[in-house]
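Engineer: Fold the following and give me the result.
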Amino acid sequence: MASKGLHYIPLGSDGFDHAYRQKVAAQYQISALNKSRLKHCIFFHYLLFFVMLAKLSADILDKFDIFILEIEELRIPQPLRWEYFWCISLLFSFSGLAAIRKNRIKSMNYYIFGLVAFGFLPLLYAVIYYFGDVWTYLTSDPEEDEEALSEVQMWQGMPYGLLWYGFIIVAVQIHSFSTYFAWNLISAWKARGSKKAE
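Structural biologist: Numbering: from 1, shown residues only. A predicted model of the protein is given here:
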């Protein structure tokens, strides 16, 4: 066939029968696409973790009796427990990555559970915890409500709760997309019958 030229068309074919040739099944395409998207979400989860780690660095260094003047001068507020609990959610990303490599439904279920328990729930707690400060800051008039605004916790001249709300909005989006893509992967793996235990 190679001797017939680069554009050889078999007899009885006009070349438009490509629609009937072998195709990749839909569940394999869905699986490949969602694996790639989930990896990107996990990457952004890591970036958020490093932001949180930077915030927690002053407290961590204090626990090890390490003094760094530049960090102490920032006067970073003491962390709350929800911040450490949220950091645990990163550990479940390893389960998600292992599930991606070997198409393991059980590992992906662990990943989703970890995101809900240690990703979404601490963030929900933070939304409720900082709601009063954020609401007071957004609804108060600086000239009339000086007393109310004086009770709002500030850091570097910015409302601390509002800064956390920025973090929470980004984190909720990343966790939501991660959960969605993980769920799509589980559905695709079940559809192709590759239900694997650990």
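Engineer: okay, CA-based contacts and neighbour counts for the rest of this
Structural biologist: Noted.
Engineer: Which helix in this protein has the most residues?
Structural biologist: For the chain, the helix that runs over the most residues, judged by DSSP state H, is helix 26-63.
Engineer: residues of it that come out buried?
Structural biologist: 27, 30-31, 34-35, 37-39, 41-42, 44-45, 48-49, 52-53, 55-56, 58-59 (16 or more other C-alpha atoms under 10 Å).
Engineer: likewise stretch 100-112?
Structural biologist: I100, N103, R104, I105, K106, S107, M108, N109, Y110, Y111, I112.
Engineer: Can you tell me the closest non-neighbouring residue to the first one?
Structural biologist: In this case it means I100. Distances taken as C-alpha to C-alpha, 6 or more residues apart in numbering place K35 nearest to I100, at 6.2 Å, with adjacent residues excluded.
Engineer: Kindly export the helix-or-strand element of the chain with minimal mean pLDDT (C-alpha atoms) in CSV.
Structural biologist: Least confident element among the helices and strands of the chain, by mean pLDDT, DSSP states H and E: helix 146-150 (a mean of 71). Presented in CSV, the C-alpha positions along helix 146-150 are these (Å, rounded to 0.1, in the frame of the first residue of the first chain):
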residue,chain,number,x,y,z
GLU,A,146,-17.2,54.3,64.9
GLU,A,147,-17.9,52.3,68.0
ALA,A,148,-19.2,49.2,66.1
LEU,A,149,-16.3,49.4,63.6
SER,A,150,-13.8,49.6,66.4
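Engineer: Tell me how far whatever helix or strand comes next after the longest helix of the chain lies from the chain's centre.
Structural biologist: Once the chain leaves helix 26-63, the next helix or strand it forms, by DSSP states H and E, is helix 69-73. In terms of C-alpha atoms, centre = their mean, to the nearest Å, the centre of helix 69-73 is set 30 Å apart from its chain centre.
Engineer: Stretch 79-95 too?
Structural biologist: Its chain's C-alpha centre and that of stretch 79-95 lie 12 Å apart, by C-alpha atoms, centre = their mean.
Engineer: oh, and call the first residue 407 from now on, that's how I've got it
Structural biologist: Sure thing, new numbering starts at 407, so read that last one as stretch 485-501.
Engineer: Now do the buried residues in that stretch.
Structural biologist: W488, E489, F491, W492, C493, I494, S495, L496, F498, S499, S501.
Engineer: From start to finish, how long is that stretch in a straight line?
Structural biologist: Length of stretch 485-501, first residue to last, C-alpha to C-alpha, to the nearest Å: 27 Å.
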